[in-house]
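Peer 1: Okay, sequence plus prediction incoming.
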Amino acid sequence: MAKGRYPRCADCVTKVCENREGKAGDVPSLEKAPAYCVMKLMPQALADAMTEYDRPEVREFARLASLQEFQCYERLPDGLRTKLPRVEELVQFARKCGYKRLGLAHCGGLAREAGLLAEVLEANGFEVISVQCKTGAVPKERIGIKPGEKIAGPEAWETMCNPIAQALVINRAGVDLAIMLGLCIGHDTLFIKYCKVPLTVLAVKDRVLGHNPLAALYAGETYYRRLRNKID
Ligand code: SF4
């Protein structure tokens, strides 16, 4: 890849890849795509991706995911409407895939939400195993946290978040699908690294914005304008 030329879809206004005006079967021309377009810079990666879809199990999974996406909309006389919150989407998709046992990896701070979600999933016929981040009851000192770095104060016991344990428990519980609910940044990274079963995310943690990190971006022109400055 030429220096300074790397994929930047987030900056692209052409969205040639979406081919919005095209009819089925039309292949979009790359002429109007920017120089940093992935399709111009990394065609081999895109070709390799399509080879992966040729594996029957991958193709079928991708087909079911796209079918689920389709079912999240309805075409009404006044236009296209969305119709499913993610929880319902999760139930429908897990059912489509034929999953029976689901593994919920949740934050201790979202124990109530985890209980509510387990209820919904169980009411829909799934078996749910759940494991929260504090499992193992290992103190934070075990990973080198100093007394002054504990949230509850230097004298307090503080259990470390243990995403690797969550992943190993879920891997060994024979679940068909793992669901992440509200893990912290970094802890989620470790969970993803160690989780060996198919994984989806119901929600990520945002302690300030009701677990909706995008709210800061939506208010980025007003109340969160400070995000444009260098963040300490
Ligand atoms: S793939 Fe190319 S055309 Fe599509 S958004 Fe990225 S840069 Fe734009």
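Peer 2: Sure thing, it's come through. Residues are numbered from 1 along each chain as shown.
Peer 1: Pull out the buried residues from the longest helix anywhere in the chain.
Peer 2: If each helix of the chain is counted by residues according to DSSP state H, the longest one is helix 56-71. Within helix 56-71, the residues that count as buried by 16 or more other C-beta atoms under 10 Å are Gln68. C-beta: built from backbone N, CA, C; applies to glycine.
Peer 1: Okay, buried residues for the helix or strand that that helix is followed by please.
Peer 2: Using DSSP states H and E, the helix or strand that directly follows helix 56-71 along the chain is strand 73-76. For strand 73-76, the neighbour count (16+ other C-beta under 10 Å) marks no residue as buried.
Peer 1: Any idea how far strand 73-76 is from the middle of the chain?
Peer 2: Between the centre of strand 73-76 and the centre of its chain there are 25 Å (C-alpha atoms, centre = their mean, to the nearest Å).
Peer 1: how close does the residue of the chain most remote from its centre sit to Tyr53?
Peer 2: Distance to the chain centre peaks in the chain at Glu155, reaching 35.8 Å (criterion: C-alpha atoms, centre = their mean). From Glu155 over to Tyr53 the distance is 56 Å, taken as C-beta to C-beta, to the nearest Å.
Peer 1: re earlier: correct me if wrong: the residue farthest from the centre of the chain contacts Pro147.
Peer 2: Yes - using C-beta atoms under 8 Å, Glu155 is in contact with Pro147, at 7.4 Å.
Peer 1: for the residue positioned nearest the centre of the chain, what are its contacts?
Peer 2: Geometric centre of the chain, nearest residue: Val201, 4.2 Å, by C-alpha atoms, centre = their mean. The contact partners of Val201, taken as C-beta atoms under 8 Å, 6 or more residues apart in numbering, are Ile179, Met180, Asp188.
Peer 1: Tell me the bridge partners for it.
Peer 2: Beta bridges link Val201 to Met180, judged by DSSP bridges.
Peer 1: start at 56 instead
Peer 2: In the new count, where the first residue is 56, that last one comes out as Val256.
Peer 1: Need the pLDDT of it.
Peer 2: Per-residue pLDDT puts Val256 at 98.
Peer 1: interface residues of the protein facing the ligand?
Peer 2: Within the chain, the positions lying close to the ligand (C-beta under 6 Å from any ligand atom) are Cys64, Cys67, Thr69, Lys70, Val71, Cys72, Ala88, Pro89, Cys92, Val93, Met94.
Peer 1: Just give the number of residues close to the second one.
Peer 2: It refers to Cys67. Counted by other C-beta atoms under 10 Å, the residues lying close to Cys67 total 16.
Peer 1: again with the first one
Peer 2: Number of residues near Cys64 (other C-beta under 10 Å) recorded here: 12.
Peer 1: who's in contact with the nearest residue to it once chain neighbours are set aside?
Peer 2: Excluding its sequence neighbours, the residue lying closest to Cys64 (C-beta to C-beta, 6 or more residues apart in numbering) is Val93, at 6.5 Å. Residues near Val93 by C-beta under 8 Å, 6+ apart: Pro62, Cys64, Cys72, Ala100, Leu101.
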